[in-house]
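Asker: Give me a 3D structure for the following:
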Amino acid sequence: MADRRARASSRVVTLVCVVLGGLLAAGSPLAAEESRTVVTPSAPYLAPVEDYARYRPQTTCRRRAKPGVLLLAETLVARGGGYGPISRSCEGTGTSEHKESRAFDWLLDATDPADRATAQAFLDEAFAPDDTGQPHALARRLGIMYVIWDDRMWASYDGFVEERYRSSSCRNRRSCSVTLRHRDHMHISLSRRAARGLTSWYLAQVPAPPAG
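Answerer: Presented below is the predicted three-dimensional model:
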C-alpha cells in the first residue's frame, strides 16, 4: 500500500493544487455554510458534460490502477479520510470493479461527525447542477458509475437517485458488518474511460505546459 501511494503521489503531486482549486471553487458545498442546494461552475471545462455512465461490470482482471482513479483517490484523501483499496485479487467468485482497479474505497467513518460532513460535502457537490443547469454535473464529469456509502447507493444508470442499499451477503442490516454496510468507507466505482483519466474532469486537471 505504501509503495502504491508513493507511486500515485509522484504522478499527481503537481496536480493536487489545481484539483483542489477546482473542487473548492465558488458555489462548492464546502464554501456554503448551510445550504445543500449548490451550483458547480462549468468553467474551466472545454468539453460538454458527459452522459450518465452506463453500468459496465468487471469482466477482466487488472491489478494496476490507472491514472484517473489514482488522481481521484489522491484528491479525495486530501479533503479528509483515508486511502483505502483500489485493486483486489481476482480469486474467488463475484464481480467487483476493484478487480479491474477502477474502484476506490475512501476510508470514512459514518459515526464520526467530521467524516460524515466530509462525505456529505462531496456528495452534495458531485450531484449538484452546474451553472448551465446540467444535473449531477460533477459526478458525470468524474465518470462515476455508482457510489455506496452508509447503507445508501447512488447509481448513474438510475439517474443518481438515492436508494437504500444492502449487500447481497447480508440477510439483514443488523447482522451485516460495518464494512458491508459501507459505514467505514465510501465505495466509488468509475467507468473505464474515467479510470483512464479521459473524461472532462480529469482532462481539466492537466496543467498547461510552460511557456517556451
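Asker: Find the least confident helix or strand in this protein, judged by mean pLDDT.
Answerer: When each helix and strand of the chain is scored by mean pLDDT, DSSP states H and E, helix 16-23 comes last, with a mean of 40.
Asker: Now whichever helix or strand comes after that one: average pLDDT?
Answerer: Next in sequence after helix 16-23, counting helices and strands by DSSP states H and E, comes helix 67-79. For helix 67-79, the mean pLDDT works out to 96.
Asker: Assess the claim that Asp130 and Ala137 are in contact.
Answerer: Yes. Between Asp130 and Ala137 there is a contact at 3.7 Å, judged by C-beta atoms under 8 Å. Any C-beta I mention is one placed from the backbone N, CA and C, and that applies to glycine too.
Asker: Neighbour count for these two, which is higher?
Answerer: Ala137 (26 against 20; other C-beta atoms under 10 Å).
Asker: what's the pLDDT at that one?
Answerer: pLDDT, Ala137: 97.
Asker: For the spatially most central residue of the chain, pull up the helix or strand it's in.
Answerer: By C-alpha atoms, centre = their mean, the chain has its centre lying nearest to Ile188, at 4.7 Å. Ile188 belongs to strand 186-190 when assigned by DSSP H and E.
Asker: Within the sheet, what are the partner strands of that strand, with directions?
Answerer: If you go by DSSP bridges, strand 186-190 pairs up with strand 103-107 (antiparallel), strand 144-149 (antiparallel).
Asker: That one - what's its average pLDDT?
Answerer: On average, strand 186-190 scores 97.
Asker: Tell me which other helices or strands the next helix or strand after it touches.
Answerer: The helix or strand immediately downstream of strand 186-190 is helix 192-195, counting by DSSP H and E. With contacts defined as 3 or more C-beta pairs under 8 Å, 6 or more residues apart in numbering; DSSP states H and E, helix 192-195 has these neighbours: helix 67-79.
Asker: Could you list the buried residues of the helix it packs on?
Answerer: Within helix 67-79, the residues scored as buried using 16 or more other C-beta atoms under 10 Å are Pro67, Gly68, Val69, Leu70, Leu71, Leu72, Ala73, Glu74, Thr75, Leu76, Val77, Arg79.
Asker: Now do it and strand 144-149, the angle between them.
Answerer: 40 degrees (axes from the mean of the first three to the mean of the last three C-alpha atoms, to 10 degrees).
Asker: Sketch out the low-pLDDT regions of this structure for me.
Answerer: Applying pLDDT under 70 to the chain flags residues 1-43, 206-212.
Asker: Surely the residue nearest to the centre of the chain is in contact with Thr75?
Answerer: No. The criterion here is C-beta under 8 Å, and Ile188 misses it with Thr75 at 11.3 Å.
Asker: Distance of the closest residue to Arg181 other than its chain neighbours relative to Ala119?
Answerer: Nearest non-adjacent residue to Arg181, counting by C-beta to C-beta, 6 or more residues apart in numbering: Asp151, 5.5 Å away. Applying C-beta to C-beta, to the nearest Å, the value for Asp151 to Ala119 is 13 Å.
Asker: Great, nothing more from me.
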